[in-house]
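>>> no letters, just coordinates:
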């Protein structure tokens, strides 16, 4: 069991099987966020909120494009049952303690986005001698950079004055989503022989 991806090949590249599994997981998570942002755009009337959701949608789409093109894909039969399990976690659900179902869904989306961008740090799994020219390595590092930008918007919303009356429900939703995402991410990595030591 290792704390990093690898062993790297002679060119400093992550094994294709690990690339495929990690990329599939990240595509599942960021693809779900992109879909949810697209739906949320249609339900928001405020121009400022629509602009922010639109920006987040396109950044998620960029992350997906990086993964599609930067990964050395190989067949992975286990994805046939892992994929649906991951997708089930990304489904939005009503937030307990929030009477307005639309607001509850938007809170859960922000909590899920916060968890995906904060709890998953793929570049931290790269060995120091990973090739900086490798497309997969570049993609993981870019994803971590973009996550740092995206999480700021989610923090602003989750801590906004409009959510002050349901602050406890918001905190519980964020905590629950973080626990789910961490468990799923670490479980996926363990299946590759990688131990994730990132703090909770």
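Here it is on my side, so go on. All values derive from a computational prediction rather than experimental measurement.
>>> after the lengthiest helix in the chain, next one along is what?
When the chain is parsed with DSSP state H, its longest helix is helix 16-43. Using DSSP states H and E, the next helix or strand after helix 16-43 towards the C-terminus is helix 47-70.
>>> what is the distance between the longest helix of the chain and the centre of its chain?
Mean-position distance between helix 16-43 and its chain equals 7 Å (Cα atoms, centre = their mean, to the nearest Å).
>>> shift numbering so it begins at 13
Okay, using 13 as the starting number, the last item reads as helix 28-55.
>>> by contact count, what packs against that helix?
Where contact means 3 or more Cβ pairs under 8 Å, 6 or more residues apart in numbering; DSSP states H and E, helix 28-55 is packed against helix 59-82, helix 91-102, helix 113-131, helix 147-170, helix 179-202. Backbone N, C-alpha and C define where each C-beta goes, glycine included.
>>> the first one: which residues count as buried?
If I follow you right, that is helix 59-82. Neighbour counts over helix 59-82 (16 or more other Cβ atoms under 10 Å) mark 64-65, 68-69, 71-73, 75-76, 78-79, 82 as buried.
>>> as CSV, those residues with distance to residue 178 and pLDDT would be great.
What follows is those, written out as CSV (distance: Cβ to Cβ, whole Å; pLDDT from 0 to 100):
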residue, distance to residue 178, pLDDT
64, 20, 85
65, 20, 87
68, 21, 92
69, 25, 93
71, 27, 94
72, 25, 96
73, 30, 95
75, 29, 96
76, 31, 97
78, 35, 96
79, 34, 97
82, 40, 97
